[in-house]
Structure formats: structure tokens, C-alpha cells
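In: A predicted structure for the sequence below; I have some questions about it.
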Amino acid sequence: MVDNYLVDNESINEENSNADEKEDLTRKQISKIILRRYYFTSYTFVIFFMGTLVLNIILSIYVDDENFYRFGPKTIHWGLSISDSMTGNISKPVALLLIFISALYLLSLIQFQFIFFKILIGQCLRKNEISFEIAEKIWLNNRVANSIANLAVIFLAMLTIFDTWKFHNIHQISAFLFFISIITYLIFRRKIELIVIDNQLVGEVQKKNSWVLYLIFILFICFVVGFAYINLAVKREDRFEDYYLPWLIFIVAFEYLLCIFCVYNFATNVFVQEKIMNQCDFKELLHLKMFCLISIFANLLCIRRDIPTEIL
């Protein structure tokens with residue numbers, strides 16, 4: 001009788017162990033699928049955005065008609081900034097199209113981050129892994145970060161539509177608000193990640209990548225100070241003095257570096273999310289449709305006919 005009980009108990013434990021292993025395997029498979037989709041979207045966004053910057057410079061130099069704000073080291077304006085490369089009759093419509101596509105990718109990434117932390121809060125509360133106060137703190141930061149990120153997309157569209165040639169003041173304000181929004185979003189997202197790490201919701205992970213935020217903030221301060229100084233020089237009508245061109249190159253270098261670091265960090269910094277995905281169940285994210293041009297054309301041409309795994 002005792003032997004039978006022990007055998008039954010051992011078989012139950014073995015079944016539970018197999019079930020746990022199967023659940024862990026399924027969780028890892030789900031995590032792999034979700035992260036693959038996220039990284040594909042994020043790197044496509046980075047390629048589109050950076051490609052827009054490079055392509056607009058080429059179009060502005062070799063294709064656009066002459067205008068005061070045209071990009072180039074020997075033009076009337078000595079335009080070297082990102083804004084100067086999107087003012088021409090060809091470069092501006094191309095920029096509008098590519099930035100619009102980039103914004104669709106960006107909105108997918110924003111939605112992913114928002115839903116990810118929303119699911120995390122619910123699971124942690126159900127498992128009593130965090131207090132209600134901590135959950136409220138994460139949710140507040142997540143909600144604010146999502147709103148700010150959406151504003152960044154709006155400002156990105158505005159600075160492209162209202163170019164620096166015909167709408168100089170509106171363009172400058174939009175560009176400034178875009179950088180402010182991106183940096184603020186990165187700060188709020190980092191606050192969420194630190195809350196997650198401090199409350200041990202994720203395994204051992206270093207509090208890295210904070211230095212990237214400090215670097216972005218320093219780049220932004222240098223860019224703003226340089227921009228303000230050179231505008232004062234222009235108002236004093238001594239813009240072509242010896243110091244003007246070095247200052248211009250200095251500002252433009254910080255502008256490009258700031259843009260590259262912001263966009264890349266915005267899209268690809270998900271090291272905390274990777275860790276959490278291996279510990280929690282995020283199968284709901286399988287139903288999140290990320291924007292993808294390839295997928296659009298594949299669906300239209302009926303290239304893939306199989307039913308997605310998340311439906312089965």
C-alpha cells in the first residue's frame with residue numbers, strides 16, 4: 001500500500017516536472033518569436049530612418065533645384081544640417097514618404113513597449129510578486145512614456161512637413177520638441193526598467209545603458225548651446241567670420257550624433273525585456289501586429305497561406 005502510494009507520488013512529481021519543462025520550452029519559443037518580430041521591426045525602422053538622412057543629403061546636393069536652405073558646404077546658406085537636406089523639390093517629398101513609413105514602424109515599437117509592461121504588471125499582481133503601489137508606479141510611468149512617444153511621432157511628422165525654408169520657426173520648434181520628447185521617453189522607459197530591476201522582477205541583470213542616456217543628454221545640451229550661439233552670431237551679421245564655419249560643423253556633428261543615438265537607443269534597447277520574457281508568459285504579444293512592408297506585400301500576393309502558430 002505504501003509502495004503504491006510512493007510510486008503514484010513519484011509519477012505525479014514526474015508528470016509535474018515534465019509539464020513545467022514543457023511550459024518553459026513553450027515560453028522560450030514564444031519569447032523567441034516575439035523578440036524576432038520586435039528586432040526585425042526595430043532594425044527596419046533604424047535602416048529606414050538612417051537611410052532617409054543619407055538619401056536626402058544625396059538628393060539635396062545632386063538633384064534638388066537651388067534654394068537658400070539647400071544642403072551643401074558651398075551653397076548660399078552653407079547648409080549642413082539635417083533640416084537643410086529636406087527643403088528641395090525632390091528631397092522633401094522623398095523625406096515625407098520615408099519618414100511616414102518610419103513613423104509606422106516607430107508606432108509599432110511604441111505599442112509593443114506599452115503592452116509589454118501592461119502585461120507584466122497584471123502577471124506580477126496576480127502572482128503577488130509586487131505591491132499595488134509598485135504596480136501603480138510602473139503603470140503611471142508606462143502611460144506617460146507612451147503618450148510622450150506618440151507626441152514624438154507627431155513632432156517628427158511636423159518637422160518634415162514644415163521645412164526650414166518656408167516654415168523656419170515652426171520647423172525649429174518641432175525639431176526641438178521632437179528631441180525633447182524622445183529624450184523624455186527614454187528617461188521614463190529607463191525609470192520603468194530600474195523599478196523592475198530593483199524589485200527583482202527579473203533575474204540578475206546589470207544596470208547598464210544608463211551611460212547612453214547621459215551621453216544623449218550631453219549631446220542635446222551641446223547642440224542647443226551651439227545652436228543658440230550661432231543664431232546670435234547671424235543676428236549680429238558676422239556669420240562668415242572665421243569662427244562661424246567651425247561652430248557650424250560643431251553643431252551639425254552634435255545634431256547627427258544626437259539623432260543617431262536617440263533613434264538607435266529608442267528602437268533596440270530591450271535587454272530587460274529579453275530577460276523578463278524568459279520568466280513570464282507573454283503569449284498575448286503574439287497577437288500584436290507589428291507594421292512590416294514585406295508582410296503587407298506578402299499578404300496581398302498570398303505568398304504565405306499557413307495559419308499563424310498563435311491561432312492554433
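Out: In hand now; what should we look at? Given the structure is predicted, the values throughout are model-derived calculations rather than measurements.
In: show me the shaky parts of the stretch 101-250 of the chain.
Out: Scanning the stretch 101-250 of the chain with the threshold set as pLDDT under 70 gives 202-210, 233-245.
In: can you map out the strands along the stretch 151-300 of the chain?
Out: Per DSSP state E, counting those that start in this stretch, the stretch 151-300 of the chain carries no strands over any range.
In: helices of that one, start to end?
Out: Under the criterion DSSP state H, counting those that start in this stretch, the stretch 151-300 of the chain contains helices at 168-198, 210-235, 244-268, 271-277, 293-300.
In: those: which one's closest to Leu106?
Out: Among the helices of the stretch 151-300 of the chain, the nearest to Leu106 by CB to CB is helix 244-268 (7.8 Å). Any C-beta I mention is one placed from the backbone N, CA and C, and that applies to glycine too.
In: can you give me the buried ones in the closest one?
Out: Neighbour-count burial for helix 244-268 flags 247-248, 251-252, 254-256, 258-259, 261-267 (criterion: 16 or more other CB atoms under 10 Å).
In: for that helix, packing partners?
Out: Here helix 244-268 touches helix 2-62, helix 91-126, helix 168-198, helix 210-235, going by 3 or more CB pairs under 8 Å, 6 or more residues apart in numbering; DSSP states H and E.
In: tell me the contacts of the nearest residue to Ile130 once chain neighbours are set aside?
Out: Leaving out its chain neighbours, the residue that sits closest to Ile130 by CB to CB, 6 or more residues apart in numbering is Cys124, at 4.6 Å. Contact analysis of Cys124 by CB atoms under 8 Å, 6 or more residues apart in numbering lists Ile130, Ala135, Leu201.
In: dump these into CSV; add distance to Phe155 and neighbour count as well.
Out: Converted to CSV, these look like this (distance: CB to CB, whole Å; neighbours: other CB atoms under 10 Å):
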residue, distance to Phe155, neighbour count
Ile130, 34, 21
Ala135, 31, 18
Leu201, 32, 22
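In: so which of those is the closest to Leu107?
Out: Nearest member of these to Leu107, counting by CB to CB, is Ala135, at 25.7 Å.
In: out of the helices of the stretch 151-300 of the chain, flag the one nearest Thr41.
Out: When these are compared by CB to CB, helix 244-268 sits nearest Thr41, at 8.2 Å.
In: now the angle between helix 168-198 and the closest one, please.
Out: Relative orientation of helix 244-268 with respect to helix 168-198: 40 degrees, computed using axes from the mean of the first three to the mean of the last three CA atoms, to 10 degrees.
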